[in-house]
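Asks: Provided below are the primary sequence and the corresponding predicted coordinates.
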Amino acid sequence: MAKPQGPHPGLMLQNYGIVLDAGSSHTALYIYAWPAEKDNNTGRVEQTHSCKVKGKGISSYASQPWKAGESLTLCMQEAEQKVPNKRHHETPLYLGATAGMRLLNMENSSASDKVFQAVEKALQKFPFSYQGARILSGQEEGAFGWVTVNYLDDLCSCCVLTSMRFLSPSQGLETTGALDLGGASTQISFVSDNYDGSESPSNSVTFRLYGNDYNLYTHSFLCYGKDQVLRLALAQQTQSGPRTILDPCFHPGYTEIKNYSVLYDSPCVSGRKPQGAPENFTLRGNGSFGQCQEIVKSVFNFTSCKYSQCSFNGVFQPLLQGPFGAFSAYYFVMNFLNLTDTSIPLDTVKDKLARYCATPWDEVSYLAEYCFSGTYILTLLTEGYNFTFPSSCVYFQIKGSDAGWTLGYMLNLTNMIPAEAPDKPPLPHYVWAVLPICGKVKGQRMLLNTVLQITWIQGLFRRTKAFSQWRVHLWLKDILSI
Ligand SMILES: O=c1[nH]cnc2c1ncn2[C@@H]1O[C@H](COP(=O)(O)OP(=O)(O)O)[C@@H](O)[C@H]1O
Ligand SMILES: [Ca+2]
């Protein structure tokens with residue numbers, strides 16, 4: 001008897017790509033896959049696997065660089081299992097390091113070189129097509145995060161509220177801004193109609209997509225990731241070299257002995273260590289959101305701005321234009337605190353956070369830093385960047401842990417971000433009319449997307465924004481399976 005025929009093997013063929021995100025706090029490996037037979041511009045790239053490397057980020061191995069390489073072995077072995085053997089040699093492997101390595105490189109560039117040598121040696125042992133390990137600039141980190149957010153196009157309910165924006169004849173269509181919060185740096189990236197890149201060229205990244213140039217505003221604040229900001233806040237409170245501090249950002253009853261040398265061992269606070277400080281100090285929590293916010297505010301500088309407008313620390317920022325997707329630690333922290341619903345009035349959010357901060361430590365008992373982190377996020381968004389809640393549409397991405405710069409980085413390096421327009425329109429016009437029907441088939445959520453996409457298409461005809469054309473193109477291909 002003849003064997004049952006499976007799908008044509010060609011249809012099953014997948015391409016793979018691996019990106020290691022060497023963050024300041026830890027390293028994560030992501031595997032992406034996309035159909036091999038579709039041309040690069042249209043196949044939907046999906047994350048098929050992720051692996052969290054045990055231990056800390058590679059920058060923490062400055063004094064034992066070989067361990068940085070070793071630390072990656074288990075996740076790399078997992079990747080060997082997950083990517084089919086036949087595809088190993090064609091699978092590109094990238095490692096990108098962010099703010100932890102930026103700081104180490106500033107502090108001790110030979111130690112940072114040694115960490116990269118060790119990592120390179122470890123990665124080259126695997127059968128993938130190794131494409132190099134490097135430090136991403138802050139602009140790259142922000143810009144690739146923005147590409148990911150817009151590629152994923154995973155609009156949440158928050159944007160339903162603002163979908164009328166898309167219909168507004170004056171505004172036209174919009175892309176989604178990206179907010180990334182790491183341990184050592186934080187990025188904000190968005191396209192603003194009134195920003196042409198000339199006022200502060202260092203904050204401008206130009207993308208060529210479908211034949212049009214996009215001007216993206218992006219800024220990375222080194223030392224404003226949540227772990228380094230905690231150091232800035234503690235440095236602020238220990239300038240006189242005390243033996244004890246009463247810290248409002250920690251729960252009442254919380255006590256921790258902190259070492260001065262360890263606290264000040266970072267370029268973000270080095271040079272500020274108080275002279276003649278004892279070896280340690282005791283941090284005692286007193287859980288006051290209001291006082292904590294005052295301390296957090298003091299790490300921002302709002303006094304000088306040589307541009308038409310600034311966010312903080314004299315950094316230019318054009319008028320906010322949303323929606324925005326907030327991911328990484330934004331998501332972890334706000335999800336933990338049950339504060340991802342941005343339609344809640346700001347005062348209610350503050351009340352909830354105040355109640356959480358005031359909860360005695362013996363009732364919380366683990367994860368001491370969420371009061372501080374929540375207060376920092378709220379302050380960064382409202383005072384630093386000037387978001388107003390609930391009218392600003394910032395949504396904490398459900399797949400927050402997996403959104404980030406890695407997908408955008410890989411799309412760029414594998415030439416999957418189309419720079420030039422296709423010769424002919426992506427689809428014949430009659431397809432537009434079919435959209436609502438296709439939408440209904442996949443249920444309400446798809447219907448919502450349909451409405452948004454149609455509005456985008458209206459925008460397309462109005463302003464022919466190339467990036468949205470790209471998105472619409474991908475989306476149509478996806479739902480129509482062509
Ligand atoms: O599963 C989690 N729960 C809570 N926080 C997390 C989790 N995974 C990562 N984080 C936090 O997200 C941040 C990720 O920062 P990352 O290591 O990418 O630094 P970087 O982007 O500044 O280089 C860190 O502050 C880390 O503590
Ligand atoms: Ca990161």
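Replies: Cool, got the structure. A quick note: this is a predicted structure, and the numbers were derived from the prediction, not measured. Ligands and ions are numbered 1, 2, ... in the order given.

Asks: which stretches of the stretch 201-350 of the chain have low pLDDT?
Replies: In the predicted model of the stretch 201-350 of the chain, residues 209-212 satisfy pLDDT under 70.

Asks: where along it do the strands fall?
Replies: Remark: strands assigned in the stretch 201-350 of the chain by DSSP state E, counting those that start in this stretch are 204-209, 212-222, 244-247, 255-259, 280-285, 324-328.

Asks: highest mean neighbour count out of those strands?
Replies: Stretch with highest mean neighbour count among these: strand 324-328 (a mean of 28; mean count of other Cβ atoms under 10 Å). C-beta: built from backbone N, CA, C; applies to glycine.

Asks: which helices and strands sit right next to it?
Replies: helix 138-152, strand 177-181, strand 394-396 (3 or more Cβ pairs under 8 Å, 6 or more residues apart in numbering; DSSP states H and E).

Asks: and among these, the most buried is which?
Replies: strand 177-181 (a mean of 28).

Asks: now do that strand: everything it contacts.
Replies: 141-142, 145-146, 148-149, 186-191, 225-226, 320-330, 333, 377, 380-381, 394, 404-405 (Cβ atoms under 8 Å, 6 or more residues apart in numbering).

Asks: so how many other residues sit close to residue 104?
Replies: Counted by other Cβ atoms under 10 Å, the residues lying close to residue 104 total 26.

Asks: could you tell me whether it really is in a helix?
Replies: Yes - judged by DSSP: H, G, I helix; E, B strand; the rest coil, residue 104 forms part of a helix.

Asks: was I right about it contacting residue 114?
Replies: No - with contact defined as Cβ atoms under 8 Å, residue 104 does not reach residue 114; the gap is 10.1 Å.

Asks: please enumerate the shared neighbours of those two.
Replies: Here residue 104 and residue 114 have residue 62 as joint contacts, going by Cβ under 8 Å, 6+ apart.

Asks: just put the helices and strands packed on strand 324-328 in JSON lines and tack on mean pLDDT and distance to residue 58.
Replies: Converted to JSON lines, those look like this (pLDDT from 0 to 100; distance: least, Cβ to Cβ, whole Å):
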{"stretch": "helix 138-152", "mean pLDDT": "92", "distance to residue 58": "16"}
{"stretch": "strand 177-181", "mean pLDDT": "96", "distance to residue 58": "19"}
{"stretch": "strand 394-396", "mean pLDDT": "91", "distance to residue 58": "27"}
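
Asks: returning to that earlier point: got a markdown table for the strands of the stretch 201-350 of the chain, with distance to ligand 2 too?
Replies: Converted to a markdown table, the strands of the stretch 201-350 of the chain look like this (distance: least, Cβ to the ion, whole Å):
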| stretch | distance to ligand 2 |
| --- | --- |
| strand 204-209 | 18 |
| strand 212-222 | 10 |
| strand 244-247 | 26 |
| strand 255-259 | 25 |
| strand 280-285 | 26 |
| strand 324-328 | 5 |
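
Asks: any idea which of those strands gets closest to ligand 1?
Replies: With respect to ligand 1, and counting by Cβ to the nearest ligand atom, the nearest of these is strand 324-328 at 5.3 Å.

Asks: up against ligand 1, what does the stretch 201-350 of the chain have?
Replies: Contacts of the stretch 201-350 of the chain with ligand 1, taken as Cβ under 6 Å from any ligand atom, map to 225-227, 328-329, 332.

Asks: which single one of the residues you listed is nearest to residue 256?
Replies: residue 227 (14.9 Å; Cβ to Cβ).

Asks: could you report the neighbour count for that closest one?
Replies: Residue crowding around residue 227 was assessed by other Cβ under 10 Å; the count is 19.

Asks: picking up where we left off before, of all the helices and strands packed on strand 324-328, which one is nearest ligand 2?
Replies: Closest approach to ligand 2 among the helices and strands packed on strand 324-328 is made by strand 177-181 (6.3 Å; Cβ to the ion).

Asks: next structured bit after the closest one?
Replies: strand 185-190 (DSSP states H and E).

Asks: got the contact list for that following strand?
Replies: The contact list for strand 185-190 (Cβ under 8 Å, 6+ apart) reads 24, 98-99, 102, 138, 141-143, 145-146, 175, 177-180, 205, 216-225, 228, 311, 317, 320-322, 324, 380, 385.

Asks: hey, where'd the helices end up in the stretch 251-400 of the chain?
Replies: Along the stretch 251-400 of the chain, counting by DSSP state H, counting those that start in this stretch, helices occupy 260-263, 289-297, 329-336, 346-358, 361-364, 370-379.

Asks: got a markdown table for the ones you listed, with distance to residue 54 too?
Replies: Below are the helices of the stretch 251-400 of the chain laid out as a markdown table (distance: least, Cβ to Cβ, whole Å):
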| stretch | distance to residue 54 |
| --- | --- |
| helix 260-263 | 22 |
| helix 289-297 | 31 |
| helix 329-336 | 18 |
| helix 346-358 | 30 |
| helix 361-364 | 26 |
| helix 370-379 | 23 |
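
Asks: for the residue in the chain that ligand 2 sits nearest to, grab phi and psi.
Replies: Proximity of the chain to ligand 2 (Cβ to the ion) peaks at residue 182, 3.6 Å away. Note on residue 182: its backbone torsions stand at phi -100, psi -160 [degrees, to the nearest 10].

Asks: touching, it and residue 22? I think so.
Replies: No - counting by Cβ under 8 Å, residue 182 does not reach residue 22; the two are 11.3 Å apart.

Asks: which neighbours do those two share?
Replies: Common neighbours of residue 182 and residue 22 (criterion: Cβ under 8 Å, 6+ apart): residue 98.

Asks: on that earlier part again, number of nearby residues for the closest residue to the residue of the chain closest to ligand 2 other than its chain neighbours?
Replies: Residue nearest to residue 182 in three dimensions, not counting chain neighbours: residue 225, with 4.2 Å by Cβ to Cβ, 6 or more residues apart in numbering. Residue 225 sits with 29 neighbouring residues when counted by other Cβ under 10 Å.
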